[in-house]
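K.L.:
Give me coordinates for this.
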Amino acid sequence: MRSVEKIYIEEEVWDQRVDNFLFKRYKDVPKSHIYQLLRSGQVRINGKRIDASYRLKLGDMVRIPPIKIAERSISHKPSVVAANFFTFKKIFEDDAVLVIEKPGGMAVHGGSGISFGVIEQLRAQNPSWKFLELVHRLDRETSGVLLLAKKRSALVELHRQIREGLTEKHYWVMVQGEWHNAKQHVTLALNKYVTATGERRVAISNGENTGTKAMPAHTIFKLQKSWKDFSLLDAELKTGRTHQIRVHLAHLGFPIIGDDKYGNFEMNKQLAKANGRNHLTRMFLHAHTLQITHPVSMERMILQSPLSKDLQKFVDQLDHSLQA
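P.N.:
Residues are numbered from 1 along each chain as shown. Reported below is the predicted structural model:
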């Protein structure tokens with residue numbers, strides 16, 4: 001039997017129907033039981049009853065009652081012990097917010113076979129904190145600026161800023177190919193879908209009815225530097241859809257190097273096996289700048305993270321190749 005859960009809705013599941021959200025979260029629970037919980041008002045959002053067709057909004061708090069699940073579906077996850085703690089570099093911290101540099105290869109939260117992620121580890125490291133939630137997410141392989149809220153009021157305010165387009169997010173991304181445009185706006189809507197193996201993916205919407213709502217997605221790419229086979233771009237997210245940068249670039253024919261979902265798999269293998277120069281074992285995507293308004297002081301903040309060491313090393317190797 002699970003205990004009561006309170007889940008704060010983030011960008012990844014925004015605009016999803018609440019019944020579909022619960023089906024995906026509790027795959028081992030019969031759909032009939034999920035619908036019974038919704039009809040009886042045991043599942044509440046922001047303290048209110050809702051029906052199965054309710055679409056989740058950014059910042060919603062979903063209260064889920066204890067749900068009995070089959071023993072076979074319970075995974076006995078190892079506890080987060082001090083010996084496994086990672087020391088995160090803090091960019092900023094006060095009573096309302098925490099900003100850290102997330103390393104590449106670490107998930108922001110547990111799930112999908114991952115015992116624990118950044119949020120679980122930070123909670124375990126700081127047991128005296130009464131509240132800590134992710135304000136946004138980064139893909140597991142993505143490094144850089146990660147924002148968390150230490151107060152419920154801060155989370156609500158920061159989600160409002162995201163929802164109203166008042167934040168600014170920039171990423172450094174290395175793509176395969178020679179990018180020519182100094183600045184390029186990409187506005188291609190995205191659809192989520194599930195592969196035959198059950199893996200969640202995203203694709204450019206073709207206008208057909210796929211059963212999921214096409215979500216508008218806008219990215220601004222600026223060329224920073226180019227080499228013979230690679231280009232370094234600054235990607236500014238005007239919307240925050242799942243895998244937005246990755247799918248936009250792959251569709252344009254400039255896949256992110258190291259991307260194991262939408263990239264050039266043969267090139268990824270060559271880079272991973274490279275001995276010495278041009279060696280890369282993960283996706284080259286780094287969140288380098290996040291601009292927000294502090295949820296309490298209301299001062300504008302520019303939060304920055306330098307390119308991680310492994311990605312900087314790859315850039316240095318490309319520069320060295322030019323000089324050779």
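K.L.:
in the top helix by length along the chain, what counts as buried?
P.N.:
For the chain, the helix that runs over the most residues, judged by DSSP state H, is helix 309-323. Taking 16 or more other CB atoms under 10 Å as the neighbour-count basis, helix 309-323 is seen to contain the buried residues 310-311, 314-315, 317-318. Just so you know, the C-beta spots here come from the backbone N, C-alpha and C atoms, and that holds for glycine as well.
K.L.:
same question, stretch 294-309
P.N.:
For stretch 294-309, the neighbour count (16+ other CB under 10 Å) marks 294-295, 303, 305, 307-308 as buried.
K.L.:
residue ranges for the helices of the stretch 151-300 of the chain, please.
P.N.:
Counting by DSSP state H, counting those that start in this stretch, the stretch 151-300 of the chain has helices at residues 152-163, 244-252, 265-273.
K.L.:
Can you give me the buried ones in the last one?
P.N.:
Looking back up the chat, that one is helix 265-273. Under 16+ other CB under 10 Å, the buried positions of helix 265-273 are 267-268, 271.
K.L.:
Next: stretch 189-201.
P.N.:
Using 16+ other CB under 10 Å as the test for burial, stretch 189-201 gives 189-192.
K.L.:
For stretch 26-34, buried residues please.
P.N.:
Result for stretch 26-34 [16+ other CB under 10 Å]: buried residues 26, 29, 34.
K.L.:
who touches the residue nearest to the last one when sequence neighbours are not counted in this structure?
P.N.:
Just to be clear, that refers to Ile34. Spatial nearest neighbour of Ile34, excluding adjacent residues (CB to CB, 6 or more residues apart in numbering): Leu22 at 4.9 Å. Neighbouring residues of Leu22 by CB atoms under 8 Å, 6 or more residues apart in numbering: 29, 34, 37-38, 43, 64.
K.L.:
Adding distance to Leu148, write those residues out as TSV.
P.N.:
Formatted as TSV, the contacts of Leu22 follow (distance: CB to CB, whole Å):
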residue	distance to Leu148
Val29	29
Ile34	29
Leu37	29
Leu38	30
Val43	25
Ile64	22
